[in-house]
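K.L.:
Generate coordinates for the sequence data below:
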Amino acid sequence: MKLDTYGFIENPRAYLVGITENDKYSLVEFAYNFHKLVLFAVGLGMGTCWMGGTFDRNSFEKEITINYGEFIPCITPIGYPKEKQRLFDKAVRVVVKADNKKSWDKLFFNTEFKTHLKNENAGQLEGPIEMVRLGPSASNKQPWRLVLSEDRKTCHFYIEHIPNYSSKLGYEMQLLDMGIAMCQFDTAYTELNISGNWIMDIPELALPNEQMEYIVSWRVC
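P.N.:
Sure, this is the predicted structure:
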């Protein structure tokens, strides 16, 4: 079958593809589950590559059954990668600054957005929060912003939207990034045997700008 990815992928053997509805929490949940699959594939020694705006969505939609109101927000090829990266692959990583992750003081906050959170003050959630920082995101924009409560038991997840970033796609790609962040956090606290769950608990915080939006919270049990 003819499945186009605009030259980024050579000789694909298989793809992971999923469908969802185009609304906020459907996109977040989709990315959470899709990232679980990606991590599982990587654990098997396979290569993956999140693709949102660099594949021909129509060619993929012709091959699977999609109900009204559903669409494919992203895909990933899966297979065994070459041991040596192509020069093109290295160039892409440089362009999107894939290895340049923002520091804690740009992403995480202590009880309010006016106070930056230091990793040594995050208590038992330091590991899960750091895994959020290291997670993948579209163009490495890292739109997640986390606010840790004073008692260190609740972590509030916010998204800082980049205006018009996803306007040509017809959906908010950065909501996928939030699902990835939640999955990174979830996987880390599970590995560390920290008990907790996701809740909707919008805190009464002064937001630093109009692009900031609450998504979800995680609380220690």
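K.L.:
contacts, neighbours, all on C-alpha from now
P.N.:
Will do.
K.L.:
Please enumerate the helices of the protein.
P.N.:
24-43, 57-61, 87-95, 104-107, 126-134, 173-191 (DSSP state H).
K.L.:
if we look at the longest one, which residues are touching it?
P.N.:
It refers to helix 24-43. 18-21, 47-48, 73, 78, 172, 175-183 (CA atoms under 8 Å, 6 or more residues apart in numbering).
K.L.:
List the buried residues in it.
P.N.:
The neighbour-count check on helix 24-43 (16 or more other CA atoms under 10 Å) flags 25-32, 34-36, 38-39, 41 as buried.
K.L.:
Identify the residues contacting the residue nearest to residue 108 when sequence neighbours are not counted.
P.N.:
The shortest distance from residue 108 to any non-neighbouring residue, by CA to CA, 6 or more residues apart in numbering, is to residue 146 (4.8 Å). By CA under 8 Å, 6+ apart, the contact set of residue 146 is 107-109, 155-158.
K.L.:
hmm, which of these are the buried ones?
P.N.:
Applying 16+ other CA under 10 Å to those, the neighbour count classes 107-109, 155-158 as buried.
K.L.:
Let's have those residues in CSV, adding distance to residue 205.
P.N.:
Below are these laid out as CSV (distance: CA to CA, whole Å):
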residue, distance to residue 205
107, 16
108, 14
109, 11
155, 13
156, 10
157, 12
158, 11
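K.L.:
any idea which of those residues is closest to residue 124?
P.N.:
residue 155 (11.6 Å; CA to CA).
K.L.:
quick one: contacts for the closest one?
P.N.:
Residue 155 neighbours (CA under 8 Å, 6+ apart): 146-149, 217-219.
K.L.:
Can you lay out the residues you listed as TSV showing distance to residue 67 and pLDDT?
P.N.:
Shown next, in TSV, are those (distance: CA to CA, whole Å; pLDDT from 0 to 100):
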residue	distance to residue 67	pLDDT
146	35	98
147	37	98
148	39	98
149	41	97
217	31	98
218	32	98
219	35	97
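K.L.:
Strands - which of these land there?
P.N.:
Counting by DSSP state E, the contacts of residue 155 place 146-148, 217-219 in strands.
K.L.:
still on that earlier bit, by mean pLDDT, show me the worst of the helices of the chain.
P.N.:
Lowest mean pLDDT within the helices of the chain: helix 87-95, at a mean of 60.
K.L.:
Distance of residue 51 relative to residue 104?
P.N.:
Using CA to CA, to the nearest Å, residue 51 is found at 26 Å from residue 104.
K.L.:
actually residue 52, sorry about that
P.N.:
27 Å.
K.L.:
What of residue 67?
P.N.:
Separation of residue 67 from residue 104 (CA to CA): 41 Å.
K.L.:
More neighbours: these two, which one.
P.N.:
Neighbours per residue (other CA atoms under 10 Å) separate residue 67 from residue 104, with residue 104 holding more: 17 against 10.
K.L.:
Could you find the closest non-adjacent residue to residue 122?
P.N.:
Nearest in space to residue 122, with sequence neighbours left out and distances taken as CA to CA, 6+ apart, is residue 152 at 6.7 Å.
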